[in-house]
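**Student:** Have a look at this fold, sequence not included:
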């Protein structure tokens, strides 16, 4: 388990840079945290560190967005907050995304827990102040 303290928004790029080497071997990364904890904001910083030039935004209504990293490899960003039934995730082909071997960043993974493979990396964001967060990485 690794803990990274993020004192303010200005520290996000450095925190994301610390997370990149910890991704090694994990294609499925789960992001847990209360509403407003900064999951999407952190994913934006992480994608920048991975070389994504596209605009990174929450796929709340589309369920999944695709970006390209510095090596032109896809990164899939999921947001299952508005999901009513895990079958909706099945219907958009989440298993194919998960099996692709490409990086899948998943917000609100508890809504599709039964569909997740066992070897996921979990990043939990906790609000510790108005703009500070604690990021805990476990698997």
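**Tutor:** Sure, I can see it. Given the structure is predicted, the values throughout are model-derived calculations rather than measurements. Residues are numbered from 1 along each chain as shown.
**Student:** Is the spatially most central residue of the chain bridged to anything, and to what?
**Tutor:** What sits nearest the mean C-alpha location of the chain, by CA atoms, centre = their mean, is residue 105, with 3.3 Å. Residue 105 has the following beta-bridge partners by DSSP bridges: residue 29, residue 77.
**Student:** For this structure, which segments count as strands?
**Tutor:** Per DSSP state E, the chain carries strands over the ranges 2-6, 28-32, 64-68, 74-79, 103-107, 121-127, 133-138.
**Student:** ranking the ones you listed by burial, who's on top?
**Tutor:** Across the strands of the chain, the average number of neighbours (mean count of other CB atoms under 10 Å) peaks for strand 103-107, which reaches a mean of 24. Backbone N, C-alpha and C define where each C-beta goes, glycine included.
**Student:** Show the average pLDDT along it.
**Tutor:** The average pLDDT within strand 103-107 is 97.
**Student:** Adding distance to residue 51, write the strands of the chain out as a markdown table.
**Tutor:** A markdown table is the format used below for those (distance: least, CB to CB, whole Å):
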| stretch | distance to residue 51 |
| --- | --- |
| strand 2-6 | 21 |
| strand 28-32 | 16 |
| strand 64-68 | 8 |
| strand 74-79 | 10 |
| strand 103-107 | 12 |
| strand 121-127 | 19 |
| strand 133-138 | 21 |
